[in-house]
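Enquirer: Give me a model of this one.
(2 chains)
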Amino acid sequence: MPTASGSTTRGIRGSRRGWFAAALVPALALVSAACGAAASQTQSGSGASAGGGKLVVWDWHSGDATTKEYYAKAKADFEAKHPGVQVEFVAQPYDQYYTLLGTAIQAGKGPDISMFNGGAQMRDRATSLLPLDDKVGDLKDRLVGWDAFRKDNATYAVPVTLQGFPFYYNKAVYRKAGLDPEKPPKTLAELQTACAAIKKSGNACFNLGNKEGLGIEFFLSGFGPGVFGQAQYDAWLAGKRDWKSPEVKQIFDLWKKTNDEGWYNKGVNSTAMFMDQFTMFSGGKGGNVIGLISDTAHWKSFDEFLGPDLGVYKPPVSNPGQVTSTFLPAEGGIGYGVMKWTKDPALAVDLVKSLASTDAEKSFFEKAGAIAADKTVDTKSVDVKAAGEIVSWLPDSKPLLHTALSAKTLDLMHRLSQQLISGDVTVDQVLTQLAASDK
Amino acid sequence: MAVPAARRTTAARRWHLSEHKIAALVLVTPALLIIVGLRIVPLVLGAQYSLTGDGDRNGLFVGLANYRTLLDDPVFRTALRNVGLLFLALPVAVAVPGLLATFLFLKVPGHRFYRSVYFFPVVLSPVIIGAIFNILLSFDGPLNQLLGKAGIAPVDWLGNSHIAILSVIGVHVWATFGMALVIFMAGFSTLDQSLLDAARCDGATLPQTVWHVVIPELSRTIQFVFVTTMIGMLTGMFGLVYVMTAGGPGGATYLPEFYIWVTQGQMNSPALASAASMVLFVLMLLVGLAQIRLIKRATKEV
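Expert: Okay, here's the model as predicted:
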C-alpha cells in the first residue's frame, strides 16, 4: 500500500527530524553558553555573586581552626544588623590565592569582598576595588595600618591585622653559646659577636629559607630601620628610592656577607621559608629568626614550642653614623577590600566593618595570635612576654620597606637574592637591575 | 510538465546523498562544537588577548609589545633554554626504559618483581613525588649523608642554580619511565622470535642482537615512546617544578608553563601570560608536526 508506506516513510523522516533537533538543542545550548562566557568577560560587573541577599567573601583564613571564633563573631555582628542577608566565607589556599583572584578579576565576577595582603598585591589590583575613603570615616581613628592599603591617596581596604618583622631569638641557644639571654643584641657589632659565639656552639645563628626568595624581603625590611636614616626611610616609602646609595648597598652586602660567614643553616636556597625555616627555629636549631607578628611564624606559634625561652628584639643599629635607635617595622597586614562589581556596596562595606569590629579582632588576637589593627583591643589577657613587647613598640613603628615595591620588582629581587647566595651575581649587578626594574 | 523518470531517480539519489551528509554533519556537530567552543575559540581569544596590554593598558591593542617583553625577559629565555635541555635529556629518558625493558625481556633474575616496581612511580602524583624528593635531596637529607659517608662533599641538589634543573629532570624521568617501559614491553611481545633464533644460530653476541635485530624491529615503538615522552616533558613538569624548586634558585628551573602561571597569577599580567602561552603553543605545534612526520616516515618504511 503506497499511501501507508508513504506515511511510514514520512513518519520515519519526521522522527529522524525530531532526533536531529534533539541533537541540535544541546549543541546550540553549548554555543550560546560559550558566547555568554565570552561576552561576560568584557562587561565586568555582570554576574557578581551578590544577589538575593548574599555576600561572598574570599580569604585564606576562614578554614583555620584558630580563626573560627573570629569569623563567627564577625558574622554574628553583621547578621544582627542585616537579618536575612547570607554571608559565605570561601577559604582559598594561600599559595593559589592571587592566581584565583586574578582569574576572577579577569572574568569580572567573583567575591564581593576579598582579603588582601597590604602593599603590592593589593595595589596591583586596586583598579578592581572600590575606594572606601568616604565610607569608613568612623573606622579611621580606631584602626591603624591604613597606609599599606592606600594607593594614590585613596584607601582600598580596611586593615584587620598588622604585620611586622621583629627579630625573635631563642634564649636557650644564647645560653648554650655563653651569651646573656636577657641581653639581645642592640647593634650589628653585638649581633656579629653573638653569631660567632652561636656558630661556635654548634647552632645556626639565624634560620633562613630562601627557596621562594622571600628571605630577602624579611632581610631588607628587618635590617632597614637600623641602616637607613630617617629621611632616607621616609623617602623610600614615598617612592624616591636610590638603589645606588651606600645604605642600600650595605644591606645587600650584608645579605651576602652573612651567608658567606655561615650565619645560616645549610642549603638556604633549597629550604622553604614556610614552614621549614620557622620549624627549625621552633625546634631549637637556630639562635635568631626574622619572623612575623601576625598570620603565622609569630610570637604565638613560637611560644608553643619555646615557651619562656622566646625573646624578641628590634632591628639592630647597623649604621651608628645615621641611626641612634631603631623601631619595629610594621604596617597593615591583612585587610578586606570591596570588589567594584558588588551589587550593594553599602552592604559589603558593613560586612567589612563587622570583620574589623573590636570584638572579632580581639579573638583574632587571642586565638590566632594576630596583632590586631584595632588600637582598642585589650592585649593584657595574653600572657606571652614577646607579645607585650611587640604591642608596646607599635606606636613608633613605620611601614615595611619591601611592600613599597611592585610585585615585579619583588619577584626580581627574590631571584637575585638567590643568585647572590649561589654566587652567580655581584651586589652591584643586583642593584643595577633592581634600579632599572623599580622605575 | 512530467519529469523524466531517469532524472527523478538522480534527484532522489541526490536528496538521499545530501541527507546522509546532513546526518553525518549532525552527528559530528556536538564533537565539533566542543572542539571549536572549548579549544579553537579560546585559542583565538588567547592569541588576540596576547596583543593587548596589561594593567593600565588593559584591553588596548599593543601589537607585538608583549612578545618583545618576553624576548627581553631573562627568565623567559631561561625557560626556553630549559626546554632545550629537555630535548637533550630526551634520549636518556627513552634509553632508560628501553634498556630496562630489554633486561626484563631477557628475563634477568627477579624480572617479575622489577616489572611491577618500575611501574609503581607512575601512579604517584607529581606533588607527592616532589615532596618525597624534597626530603631525599635536601641539603641535610639522606642522599647527601650517603655521599658524606663516601667522603664526597654534599651537593645542594635543589639549591644550586646549575644542578637544580638536572635534579628536576632526573626526578621526572624516574617518575614517568614506567609508562614507557610498559610500551616497550608491549613492543617486545611482538618481536619475531624466529629472527632472534636465527641471530643466535649465526652466533651473534648480545650487543649485536640488540643492535641488528631488536632495535630495527622496535623502531616504531621507539619512535612512539619518543613522541609521548617529549609531550610528557613539555606538559607534565609543572607540578614537580612547583613543589621542588618553585622556579628557583634565581629562576634557573623555570619552564614555560611555570612562567605562564607566575606571570598570570603572581604578576597579574594575563596578557603577557597569553603571549607566553602562544609561544609555548607554537613550540608544541612544531614539535608535534615534526614528530608526526617522523612517525609517518617510520610507518612507510615498514
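Enquirer: so how far is B:Ala275 from B:Ile260?
Expert: Counting by C-beta to C-beta, to the nearest Å, the gap from B:Ile260 to B:Ala275 is 9 Å. In this view, the C-beta of every residue, glycine as well, is placed from N, C-alpha and C.
Enquirer: which one of the two has more residues nearby?
Expert: The neighbour comparison of B:Ile260 against B:Ala275 (other C-beta atoms under 10 Å in any protein chain shown) goes to B:Ala275, with 28 against 22.
Enquirer: Get me the contact residues on the stretch 51-200 of chain A for chain B.
Expert: A:96, A:98-100, A:102-103, A:106, A:124-125, A:127 (C-beta under 8 Å from any C-beta of the partner chain).
Enquirer: For these, which entry has the maximal number of neighbours?
Expert: Note: the member of these with the most neighbours is A:Tyr98, at 25 neighbours, neighbours being other C-beta under 10 Å.
Enquirer: Let me see the contact set for that one.
Expert: Residues near A:Tyr98 by C-beta atoms under 8 Å, 6 or more residues apart in numbering or on different chains: A:121, B:265-266, B:268.
Enquirer: Any chance of a markdown table for those residues, columns neighbour count and secondary structure?
Expert: Converted to a markdown table, the contacts of A:Tyr98 look like this (neighbours: other C-beta atoms under 10 Å in any protein chain shown; DSSP: H, G, I helix; E, B strand; the rest coil):
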| residue | neighbour count | secondary structure |
| --- | --- | --- |
| A:Gln121 | 17 | helix |
| B:Gly265 | 20 | helix |
| B:Gln266 | 19 | coil |
| B:Asn268 | 25 | coil |
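Enquirer: Show me which pair in these is furthest apart.
Expert: Of all pairs drawn from the contacts of A:Tyr98, the widest gap by C-beta to C-beta lies between A:Gln121 and B:Gly265 and measures 10.7 Å.
Enquirer: elements contacting the helix or strand containing A:Ala235?
Expert: Taking DSSP states H and E as the criterion, A:Ala235 maps to helix A:230-237. When contacts are defined as 3 or more C-beta pairs under 8 Å, 6 or more residues apart in numbering or on different chains; DSSP states H and E, helix A:230-237 packs onto helix A:215-227.
Enquirer: touching chain B at all, the helix it packs on?
Expert: No - residues of helix A:215-227 contacting chain B under C-beta under 8 Å from any C-beta: none, with a closest distance of 11.1 Å.
Enquirer: and the angle from that helix to helix A:230-237?
Expert: Using axes from the mean of the first three to the mean of the last three C-alpha atoms, to 10 degrees, the inter-axis angle of helix A:215-227 relative to helix A:230-237 is 150 degrees.
Enquirer: Residues contacting helix A:215-227, please?
Expert: Residues external to helix A:215-227 that are found in contact with it (C-beta under 8 Å, 6+ apart): A:165, A:167, A:187-188, A:208-210, A:233, A:236, A:247, A:250-251, A:254-255, A:268, A:273, A:277, A:290, A:314-319, A:323, A:326-329, A:398, A:400-403, A:410, A:413-414, A:416-417.
Enquirer: What about those residues, which are in helices?
Expert: Mapping the contacts of helix A:215-227 onto helices (DSSP state H) picks out A:188, A:233, A:236, A:247, A:250-251, A:254-255, A:410, A:413-414, A:416-417.
Enquirer: coming back round to it: mind listing what's buried in the helix holding A:Ala235?
Expert: Buried residues in helix A:230-237, counted by 16 or more other C-beta atoms under 10 Å in any protein chain shown: A:232-233, A:236-237.
Enquirer: Equivalent analysis for stretch A:56-70, please.
Expert: A:56-62, A:64, A:66-67, A:69-70.
Enquirer: tell me the two of these that are most distant?
Expert: Taking C-beta to C-beta as the measure, these span a maximum distance of 22.4 Å, between A:Val56 and A:Thr66.
Enquirer: residues contacting residue 158?
Expert: Chain wasn't specified; assuming chain A. A:Val158 neighbours (C-beta under 8 Å, 6+ apart): A:132, A:136, A:139, A:143, A:149, A:335-337, A:352-353, A:355-356.
Enquirer: ah, I was thinking of chain B
Expert: A:211, A:269-270, B:134, B:137-138, B:164, B:167-168, B:244-245.
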